[in-house]
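Chemist: Generate coordinates for the sequence data below:
(2 chains)
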Protein chains: 2
Amino acid sequence: MIEKLTVIAPGLLGASIGMAARQKGLAQTISVWARRPEIRETLSTLDWCDDAPESIDDACRDSSLIVLCAPVERIIDLAQTIAPGLENQPIVTDVGSVKSELCRKCSDALGDKARFIGSHPMAGSEKTGMDNATPNLFENATCFVTPLAESDSNAREIVSKFWKDIGSIVVEETPERHDALVANVSHLPHLVASCLARHLSQTLPDAARFCGNGLKDTTRIASGDPGMWRDIVTQNRAEIVRSLDAFQDELQALRADIANEDDFSILEKLADGKSFRDSLDA
Amino acid sequence: MIEKLTVIAPGLLGASIGMAARQKGLAQTISVWARRPEIRETLSTLDWCDDAPESIDDACRDSSLIVLCAPVERIIDLAQTIAPGLENQPIVTDVGSVKSELCRKCSDALGDKARFIGSHPMAGSEKTGMDNATPNLFENATCFVTPLAESDSNAREIVSKFWKDIGSIVVEETPERHDALVANVSHLPHLVASCLARHLSQTLPDAARFCGNGLKDTTRIASGDPGMWRDIVTQNRAEIVRSLDAFQDELQALRADIANEDDFSILEKLADGKSFRDSLDA
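Modeler: Numbering: from 1, shown residues only, chains lettered A, B, ... in the order given. Now for the predicted structure:
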């Protein structure tokens, strides 16, 4: 069991981590730090939170595992903020959805004050905030753990075990390979859904009158927070451009088949798409 | 109340129409014609079907409203098949998802033997077949009714009322405007979802290991029947190419913003997408 778990900046993910850790009895003490006083006040009434100090150093003091749960562009700052106060080399992880730059910079910021191992739980939804938190959020969700070559292997094992214990399916990858993977399975789908929604907003602003469940499903994630997604995009630009280009080639090939009346090739492409999609539910 | 309702070729849609009509007491008699003897045998045991004759002419005899429920490429054939046997100018409608050519050809095929009014209920899913039928399928679903300028206005009213009575929200449009609309709200999303799935099947065949709910939602409709969608595409080629081109422009503009680090423009585009998507749930 973890002696002290610290959750920094609890939103949907951080609060869900705290709830899951309490429900599954993974930590003796759970300390939580939030910037806003009114959140700290709420936290002090919640049964999964033992302690919500005003000082981030107090929240991290004697912690075994610190989870930085802020939006991706604030995580490096948080690592820099907590570094000076740390003792006994606690393990630090995060929930940021882009990893290459973040893992390098957090490791540098923490230096020998802590052992940093990046994480990216693929959980959450277009709903954000502590109010939507649930202890089941990570159940059967993929969680990437992205150690650097030089990372402490014991810390890596503890972080992986933690995510498994709260219900995730852990996949270990290098930060670079992680970023290429999520560009394809997460960032590209988001941008495609968003572009489809924007195209319709301009072509058919009253499309809601005509829309079926297919359109709703296909565009659902476009409801995600634009600022958060802008930050994700800016942190994974190169990989996202690469995946957009490959997707555009695919779309252009289908467009050519339709215009050229190559109906056999259309059928083949649709069948490939179906067989991949069916595999996701298998 | 309709004296006799005839459902031709019951799959998911036809059987759901029969069930809904029975549950809501919309027809005195419901007659159903299916090509395969084993389906006719099943039909004769179902409480929403009063009569499942071998002869399509018998199923249509003295009918007030005949609904052609076959896949889109077979509907014109069915209109030609039933025309000679019709008397008393029944109303004929259909469920085909592309309308311009179909409405003209069905009207021509039926001539003065019947009053044809095209319909397109936007219901159904990637699950097909009579086994998935449910009387609630049309509840709050959009149903297009697409009369020609010369169509009988009394027939148009009866068809619109029928779809309203089984729970749909009726939108009357010309067949041409319908086809442009559905190219954007239905066919384009399908092709985009399918291309995304195919792109991933080639880039990351084992993506199922890493995939979150966002990807599952965004590609869900790619599981639809490839043959059925190939037929839809071939019947609405010009409008689909037009909507694909506009969508590709949208995607290309976002790609340029990302590559050029125009992060403010990225944010604006994402916000437009969100506000459109949010409007679909309003």
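Chemist: Not counting its own residues, what contacts the one helix or strand A:Ile266 maps to?
Modeler: Take DSSP states H and E as the rule and A:Ile266 turns out to sit in helix A:263-280. Around helix A:263-280, the neighbours that count as contacts under CB atoms under 8 Å, 6 or more residues apart in numbering or on different chains are A:253-254, A:257-258, B:193-198, B:200-201, B:205, B:207-208, B:211, B:215-216, B:219-220, B:222-227, B:229-230, B:233-234. Quick note: C-beta positions are derived from backbone N, CA and C, even for glycine.
Chemist: buried stuff in that helix?
Modeler: Using 16 or more other CB atoms under 10 Å in any protein chain shown as the test for burial, helix A:263-280 gives A:265-267, A:269-274, A:276-277, A:279-280.
Chemist: Using JSON lines, lay out those together with pLDDT.
Modeler: As requested, the buried residues of helix A:263-280 are arranged in JSON lines below (pLDDT from 0 to 100):
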{"residue": "A:Ser265", "pLDDT": "98"}
{"residue": "A:Ile266", "pLDDT": "98"}
{"residue": "A:Leu267", "pLDDT": "98"}
{"residue": "A:Lys269", "pLDDT": "98"}
{"residue": "A:Leu270", "pLDDT": "98"}
{"residue": "A:Ala271", "pLDDT": "98"}
{"residue": "A:Asp272", "pLDDT": "97"}
{"residue": "A:Gly273", "pLDDT": "97"}
{"residue": "A:Lys274", "pLDDT": "97"}
{"residue": "A:Phe276", "pLDDT": "96"}
{"residue": "A:Arg277", "pLDDT": "96"}
{"residue": "A:Ser279", "pLDDT": "93"}
{"residue": "A:Leu280", "pLDDT": "92"}
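Chemist: check contacts around A:Asp62.
Modeler: Contacts for A:Asp62 (CB under 8 Å, 6+ apart) come out as A:Glu3, A:Lys4, A:Glu87, A:Asn88.
Chemist: Quick check: the second one vs chain B, distance?
Modeler: As defined by CB to the nearest CB, to the nearest Å, A:Lys4 lies at a distance of 30 Å from chain B.
Chemist: surely that residue meets A:Val32?
Modeler: No. The criterion here is CB atoms under 8 Å, and A:Lys4 misses it with A:Val32 at 11.3 Å.
Chemist: So between the two, which is more surrounded?
Modeler: Each of A:Lys4 and A:Val32 has its neighbours counted (other CB atoms under 10 Å in any protein chain shown); A:Val32 has more, 28 against 20.
Chemist: ok, and for whichever strand or helix holds that one, which residues are buried?
Modeler: Assigned by DSSP H and E, A:Val32 belongs to strand A:27-33. Buried residues in strand A:27-33, defined by neighbour count with 16+ other CB under 10 Å: A:Ala27, A:Ile30, A:Ser31, A:Val32, A:Trp33.
Chemist: With stretch A:46-55 instead?
Modeler: A:Leu46, A:Trp48, A:Cys49, A:Asp50, A:Ala52, A:Pro53.
Chemist: residues near A:Phe246, how many?
Modeler: Small correction: residue A:246 is Ala, not Phe. By other CB under 10 Å, 17 other residues sit near A:Ala246.
Chemist: go on, the one 3 residues further on?
Modeler: Other residues near A:Asp249 number 12, with proximity taken as other CB under 10 Å.
Chemist: So which residues make contact with the host helix or strand of it?
Modeler: Assigned by DSSP H and E, A:Asp249 belongs to helix A:237-259. Contact with helix A:237-259 is made by A:179-180, A:183-184, A:187-188, A:191-192, A:233, A:262-263, A:265-266, A:269, B:191-192, B:194-196, B:198-199, B:202-203, B:233, B:237, B:240-241, B:244-245, B:247-248, B:251-252, B:254-255, B:258-259, B:261, as judged by CB under 8 Å, 6+ apart.
Chemist: Straight-line length of stretch A:73-88, end to end?
Modeler: End-to-end span of stretch A:73-88 (CA to CA, to the nearest Å): 27 Å.
Chemist: contacts for that stretch?
Modeler: Stretch A:73-88 is contacted from outside by A:8-9, A:56-57, A:60-62, A:66, A:68, A:70, A:92, A:94, A:96, A:102, A:105-106, A:109-111, A:113-114, A:116, A:231, A:234-235, using CB under 8 Å, 6+ apart.
Chemist: Stretch A:186-197 now?
Modeler: Residues outside stretch A:186-197 that contact it (CB under 8 Å, 6+ apart) are A:97, A:122, A:218-222, A:224, A:229, A:232-233, A:236, A:239-240, A:243-244, A:247, B:188-189, B:192, B:196, B:199, B:212, B:214-215, B:218-219, B:247, B:250-251, B:254, B:269-270, B:272-274, B:276-277.
Chemist: coming back round to it: which two of the contacts of A:Asp62 have the greatest separation?
Modeler: A:Glu3 and A:Glu87 (13.9 Å; CB to CB).
Chemist: Tell me where the stretch 1-150 of chain A has strands.
Modeler: With DSSP state E, counting those that start in this stretch as the criterion, the stretch 1-150 of chain A has strands at A:2-8, A:27-33, A:65-68, A:91-94, A:115-116, A:118-121, A:142-146.
Chemist: now the ones you listed as CSV including distance to B:Trp163 and mean pLDDT?
Modeler: As requested, the strands of the stretch 1-150 of chain A are exported to CSV (distance: least, CB to CB, whole Å; pLDDT from 0 to 100):
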stretch, distance to B:Trp163, mean pLDDT
strand A:2-8, 52, 97
strand A:27-33, 54, 98
strand A:65-68, 53, 98
strand A:91-94, 53, 98
strand A:115-116, 60, 98
strand A:118-121, 45, 97
strand A:142-146, 43, 96
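Chemist: export these to CSV and tack on distance to B:Met130?
Modeler: Converted to CSV, those look like this (distance: least, CB to CB, whole Å):
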stretch, distance to B:Met130
strand A:2-8, 52
strand A:27-33, 53
strand A:65-68, 51
strand A:91-94, 51
strand A:115-116, 58
strand A:118-121, 42
strand A:142-146, 37
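Chemist: Which of the ones you listed sits closest to B:Val145?
Modeler: Smallest distance to B:Val145 across those (CB to CB): 45.1 Å, for strand A:142-146.
Chemist: now the helices for the stretch 51-200 of chain A?
Modeler: For the stretch 51-200 of chain A, applying DSSP state H, counting those that start in this stretch gives helices covering A:56-60, A:75-82, A:100-110, A:153-165, A:175-182, A:188-203.
Chemist: tell me what the first one is packed against?
Modeler: Judged by 3 or more CB pairs under 8 Å, 6 or more residues apart in numbering or on different chains; DSSP states H and E, helix A:56-60 is in contact with strand A:2-8, strand A:27-33, helix A:75-82.
Chemist: Quick one: distance of the last one to the chain centre.
Modeler: Taking the mean of its C-alpha atoms, helix A:75-82 sits 18 Å from the chain's own mean (CA atoms, centre = their mean, to the nearest Å).
Chemist: Need the pLDDT of the residue nearest the centre of chain A.
Modeler: Closest residue to the average C-alpha location of chain A: A:Ser97 at 4.1 Å, with CA atoms, centre = their mean. Note for A:Ser97: predicted pLDDT of 90.
Chemist: Show the contacting residues for it.
Modeler: Counting by CB under 8 Å, 6+ apart, A:Ser97 has contacts A:Val72, A:His120, A:Val182, A:Ser186, A:Ile232.
Chemist: go with 6 Å
Modeler: Applying CB atoms under 6 Å, 6 or more residues apart in numbering or on different chains, we find A:Ser97 in contact with A:Val72, A:His120, A:Ile232.
Chemist: Kindly report the same for A:Ile232.
Modeler: A:Ile232 sits next to A:Ser97, A:Val98 when contact means CB under 6 Å, 6+ apart.
Chemist: any idea of the angle the helix or strand hosting it forms with helix A:188-203?
Modeler: Element membership for A:Ile232, per DSSP H and E: helix A:226-235. Here the directions of helix A:226-235 and helix A:188-203 differ by 130 degrees (axes from the mean of the first three to the mean of the last three CA atoms, to 10 degrees).
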